[in-house]
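**Student:** Quick one, what's the 3D model for this:
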Amino acid sequence: MQREAHWTCKLYMPQYRGTPGPKRGSGWVGEWGWGGYGGLLPSGRLGFSSLLVLQDKWEQIVGQDSTLEIFQHITLMTLDTIMKCAFSHEGSVQLDRKYKSYIQAVEDLNDLVFSRVRNIFHQNDIIYRVSSNGCRANSACKLAHDHTDQVIKSRRSQLQDEEELEKLKKKRRLDFLDILLFARMENGKGLSDKDLRAEVDTFMFEGHDTTASGISWIFYALATNPEHQQRCRKEIQSLLGDGASITWNDLDKMPYTTMCIKEALRIYPPVPGVSRELSSPVTFPDGRSLPKGIHVMLSFYGLHHNPNVWQNPEVFDPSRFAPGSSRHSHSFLPFSGGARNCIGKQFAMNELKVAVALTLLRFELLPDPTRVPIPIPRIVLKSKNGIHLHLKKLQ
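**Tutor:** Okay, the predicted model is just below:
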């Protein structure tokens with residue numbers, strides 16, 4: 001959801017610095033037209049096979065009458081989704097054990113980048129490179145890059161097949177990776193391997209980890225606010241019935257569910273903060289100023305919990321996002337804002353809506369009072385002790 005993934009590896013290992021991230025308006029990312037959430041099936045339904053695999057797995061587990069740590073399960077599901085939607089992947093990430101090493105590498109990078117910025121000695125690249133954390137970061141980056149390279153290599157190989165090229169020509173919209181592979185820069189040359197990897201790294205990482213955080217915390221918020229959960233369920237049932245199908249148009253017809261999703265994103269922003277370099281001086285109302293060129297940390301978590309911005313900020317109140325409600329345009333920033341806001345925010349919101357809608361039709365979400373999650377800031381918002389829920393299958 002935020003574009004911090006490649007920055008992460010650039011922070012760890014200096015050889016990655018200076019490579020580009022996604023650019024808006026470039027013609028090859030800013031004006032992308034890839035197929036969206038699973039594409040539209042011939043019947044007009046949204047593809048949600050990854051979510052169904054997860055729910056089938058949960059149905060087998062909930063019979064054991066125990067709590068479930070949902071974050072790891074949802075992370076595999078969102079990785080499965082982005083692999084299918086953006087990278088033409090066939091098969092199921094959730095059923096293939098080899099992807100767990102990539103998930104672990106991403107988790108390690110989340111922890112390591114946070115610890116590095118808090119250690120003044122590790123700001124020096126040479127010192128960090130020889131430190132134990134630097135060695136771990138190098139290994140994790142290599143594993144993540146090996147995964148990315150394999151995805152690119154596999155798709156390139158497929159595109160050598162004439163039959164696959166014919167299928168590609170018939171697509172209504174290209175997948176994200178296909179756009180990159182066929183892209184041409186202003187000089188007519190294709191993307192270098194380094195640039196291609198940078199783009200795929202970013203979308204691979206941010207296309208699944210932040211969304212997994214968002215879905216997990218939304219489920220927890222609904223579990224701890226059962227009256228709102230039930231109201232969402234009734235809205236979804238009236239719209240979808242048994243949930244056998246869900247269309248693009250349906251996603252715009254669940255206003256209360258959308259309000260609850262936004263309120264959960266306010267309390268638990270998937271990306272709690274971002275770092276930016278000032279391109280010009282900034283002067284505050286009290287006269288203090290910051291010079292051009294310095295790095296600043298913007299805390300979305302602090303903004304969303306600021307009582308001067310939000311009345312009773314710790315209270316879950318979806319009415320804050322009711323149609324017609326007024327608020328400052330930059331008081332709610334789950335996807336950042338300005339020129340470098342999240343390029344995948346529409347994709348993310350659609351995925352959140354589908355996950356919430358179809359899950360509430362199959363399960364009642366209940367909290368585990370013995371294991372209340374403790375939010376901790378990383379690149380994405382995690383819980384120190386996991387996010388544990390009781391899942392009760394609905395008849």
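**Student:** Can you say which helix or strand has residue 204 in it?
**Tutor:** helix 193-206 (DSSP states H and E).
**Student:** Just the CA coordinates for that helix, please, in PDB.
**Tutor:** What follows is helix 193-206, C-alpha atoms only, in PDB (Å, rounded to 0.1, in the frame of the first residue of the first chain):
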ATOM      1  CA  ASP A 193      17.100  -5.800 -15.000                       C
ATOM      2  CA  LYS A 194      17.900  -3.600 -12.000                       C
ATOM      3  CA  ASP A 195      14.900  -1.300 -12.700                       C
ATOM      4  CA  LEU A 196      12.600  -4.200 -13.400                       C
ATOM      5  CA  ARG A 197      13.500  -5.900 -10.100                       C
ATOM      6  CA  ALA A 198      13.000  -2.600  -8.200                       C
ATOM      7  CA  GLU A 199       9.500  -2.300  -9.500                       C
ATOM      8  CA  VAL A 200       8.600  -5.900  -8.900                       C
ATOM      9  CA  ASP A 201      10.200  -5.800  -5.400                       C
ATOM     10  CA  THR A 202       8.000  -2.900  -4.500                       C
ATOM     11  CA  PHE A 203       4.700  -4.300  -5.700                       C
ATOM     12  CA  MET A 204       5.500  -7.800  -4.500                       C
ATOM     13  CA  PHE A 205       6.200  -6.500  -1.000                       C
ATOM     14  CA  GLU A 206       3.700  -3.700  -0.700                       C
END
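**Student:** for the record, mean pLDDT for the helix or strand just after that helix?
**Tutor:** Counting by DSSP H and E, the next helix or strand C-terminal to helix 193-206 is helix 209-223. Average pLDDT, helix 209-223: 96.
**Student:** One more: stretch 130-147?
**Tutor:** 91.
**Student:** Next, the buried residues of that stretch.
**Tutor:** Within stretch 130-147, the residues that count as buried by 16 or more other Cβ atoms under 10 Å are 131, 133-134, 136-137, 140-141, 143-145, 147. Glycine gets a C-beta too; all of them are placed from N, C-alpha and C.
**Student:** can you give me how far that stretch is from the chain middle?
**Tutor:** Stretch 130-147 sits 22 Å away from the centroid of its parent chain (Cα atoms, centre = their mean, to the nearest Å).
**Student:** surely residue 305 meets residue 314?
**Tutor:** Yes: checked against Cβ atoms under 8 Å, the pair residue 305 and residue 314 is within contact range at 7.0 Å.
**Student:** Run through the helices of the stretch 51-200 of the chain in chain order.
**Tutor:** 70-87, 99-117, 125-130, 132-158, 162-169, 176-182, 193-206 (DSSP state H, counting those that start in this stretch).
**Student:** what's the distance between the shortest one and the middle of its chain?
**Tutor:** Meaning helix 125-130. Worked out by Cα atoms, centre = their mean, helix 125-130 lies 30 Å from the chain centre.
**Student:** before we move on, what about the last one?
**Tutor:** Between the mean C-alpha location of helix 193-206 and the chain-wide mean there is a distance of 15 Å, by Cα atoms, centre = their mean.
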